[in-house]
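S.K.: Coordinates for the following, if possible.
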Amino acid sequence: MNPAGFILIAIGLFSFAGGLFNWSWFLNTRRARAAERTFGPAGARAFYMLLGIAVMAFGCLLLFGVFGGSR
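M.R.: Modelled structure (predicted):
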């Protein structure tokens with residue numbers, strides 16, 4: 001078990017929650033505004049939710065030793 005997986009899961013949950021709950025302080029950052037200009041408001045929320053899911057999935061894979069495990 002790689003403890004860095006826990007950190008990635010937490011970051012992914014944060015990103016997913018920011019998009020899901022439409023946190024204004026989360027979606028008003030410079031990078032989120034760029035995503036909103038590119039994808040529109042609903043698309044930016046979906047982007048951050050999908051990004052969160054991807055980061056959580058990678059964190060789970062890292063946590064259970066699929067990536068970065070010792071051989």
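S.K.: For this structure, which helix extends over the most residues?
M.R.: If each helix of the chain is counted by residues according to DSSP state H, the longest one is helix 41-63.
S.K.: Can you spell out which helices and strands pack onto that helix?
M.R.: When contacts are defined as 3 or more C-beta pairs under 8 Å, 6 or more residues apart in numbering; DSSP states H and E, helix 41-63 packs onto helix 4-20, helix 24-27, helix 30-39. C-beta here means a position set from N, CA and C on the backbone, and glycine is covered the same way.
S.K.: For the shortest one, which residues meet the burial criterion?
M.R.: Judged by neighbour count (16 or more other C-beta atoms under 10 Å), helix 24-27 contains these buried residues: 26-27.
S.K.: And the contacts of it?
M.R.: Residues outside helix 24-27 that contact it (C-beta atoms under 8 Å, 6 or more residues apart in numbering): 18-19, 32-33, 36, 44-45, 48.
S.K.: which of those residues are buried?
M.R.: Of the contacts of helix 24-27, these count as buried by 16+ other C-beta under 10 Å: 18-19, 32, 36, 44-45, 48.
S.K.: Same list, those residues, but as CSV with distance to N2 and pLDDT please.
M.R.: Below are the buried ones among the contacts of helix 24-27 laid out as CSV (distance: C-beta to C-beta, whole Å; pLDDT from 0 to 100):
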residue, distance to N2, pLDDT
G18, 25, 96
G19, 26, 95
A32, 29, 92
E36, 34, 94
A44, 31, 95
R45, 30, 96
Y48, 25, 97
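S.K.: farthest pair in these?
M.R.: Farthest pair in the buried ones among the contacts of helix 24-27 (C-beta to C-beta) is G18 and E36. Separation: 12.7 Å.
S.K.: Determine which stretch of the helices and strands packed on helix 41-63 is the most buried.
M.R.: helix 4-20 (a mean of 17; mean count of other C-beta atoms under 10 Å).
S.K.: Output the contacting helices and strands for that one.
M.R.: When contacts are defined as 3+ C-beta pairs under 8 Å, 6+ apart, helix 4-20 sits against helix 24-27, helix 41-63.
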